[in-house]
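Colleague: take this sequence and fold it.
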Amino acid sequence: WQDDEDAAKENKSDSGSTLIIHKLSSGQQWHLPHVLEFRFDKTGSCLLFSTAKNDSLPAGVFCFSTAHENIDTLTHQNGHYKNLTWDESGDHVAFIADFDTSKNKQRYFQLFVWRPGSKRAQLLADTSIAGLQQDWQINPHQEMRFTQDGSALFFSTMPIPPAEDTSLVEFEQAKLDIWNWRDPLLQTQQ
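Modeller: I've put the predicted structure just below:
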C-alpha cells in the first residue's frame, strides 16, 4: 500500500484534500475526499483518517481496512478532529474531537477511543472527568501516546484560555507596527 502525500499536499485546502490509496499489487486505487489527517497502524492493515465537513456529508473519523477493502465509521458528526493515534499493536485508536461548529474561538475537546471491530468510538474523557482541575481541558496541541502494551493512554491537559474580550473597540486594541531605520518611509507614511 502506498499513500500519495504529494498529491494530497497539492490539493490541500480548508476542506481537506483527496487522499489516494494505491494498491501496488493490483493497481487498484481508492480516492478519499476531504481528508485532513491520516495514520496507518504499525502493520499497515488499517488506515485511520479524519475528514472535513463538505456539501453533502458531515465530518468524521474513519478506518479503511486494507485487507477487507472496506471503511468502518468511528464517528460521523460535524466537528473538528485531531491527534489520530494508534497503539503499538493496532488494537486501540484514540483521537480528540470538538463538536462546536460555531465560529467561537474557545474550543472544548473530548477524548475518544475505538477498537477495530467496534461499532462506534466511545467517549473516554472531557472537561468533567475526575481528577481534572476545574477550568482545565484536554490539550489539542500535544500528541497522545499509548504505552507499549496498550494498557494506558497518555494525554496532556491545559488551562482553559480566557475568552477574548470583545468589549474593546478596535482602536483601543494594541497592535504592533515594526519600523526599521533602513525603511525608506516612516511607519506613518507607509
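
Colleague: residues contacting the residue nearest to the spatial centre of the chain?
Modeller: For the chain, residue 82 is the residue whose C-alpha lies nearest the centre (Cα atoms, centre = their mean; 1.8 Å). With Cβ atoms under 8 Å, 6 or more residues apart in numbering as the criterion, the residues that contact residue 82 are 37, 50, 95, 96, 97, 109, 140. Where you see a C-beta, it was placed from the backbone N, CA and C, and this is true even at glycine.

Colleague: need the max-distance pair from those residues.
Modeller: 37 and 109 (14.1 Å; Cβ to Cβ).

Colleague: how about low-confidence regions in the protein?
Modeller: 1-13, 56-57 (pLDDT under 70).

Colleague: quick one: the strands in the chain?
Modeller: Assigned by DSSP state E, the strands in the chain fall at 2-3, 17-22, 29-40, 46-51, 60-65, 70-76, 80-86, 93-98, 110-114, 122-125, 136-138, 145-146, 153-154, 157-159.

Colleague: tell me what residue 38 is bridged to.
Modeller: Beta bridges link residue 38 to residue 49, judged by DSSP bridges.

Colleague: pretty sure it is in contact with residue 61, am I right?
Modeller: No - contact criterion Cβ atoms under 8 Å: residue 38 and residue 61 do not qualify, at 10.2 Å.

Colleague: can you redo the strands of the chain as a markdown table with distance to residue 176?
Modeller: Supplementary listing: the strands of the chain in a markdown table, determined by distance: least, Cβ to Cβ, whole Å:
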| stretch | distance to residue 176 |
| --- | --- |
| strand 2-3 | 41 |
| strand 17-22 | 33 |
| strand 29-40 | 31 |
| strand 46-51 | 35 |
| strand 60-65 | 39 |
| strand 70-76 | 41 |
| strand 80-86 | 29 |
| strand 93-98 | 30 |
| strand 110-114 | 35 |
| strand 122-125 | 38 |
| strand 136-138 | 29 |
| strand 145-146 | 37 |
| strand 153-154 | 37 |
| strand 157-159 | 25 |
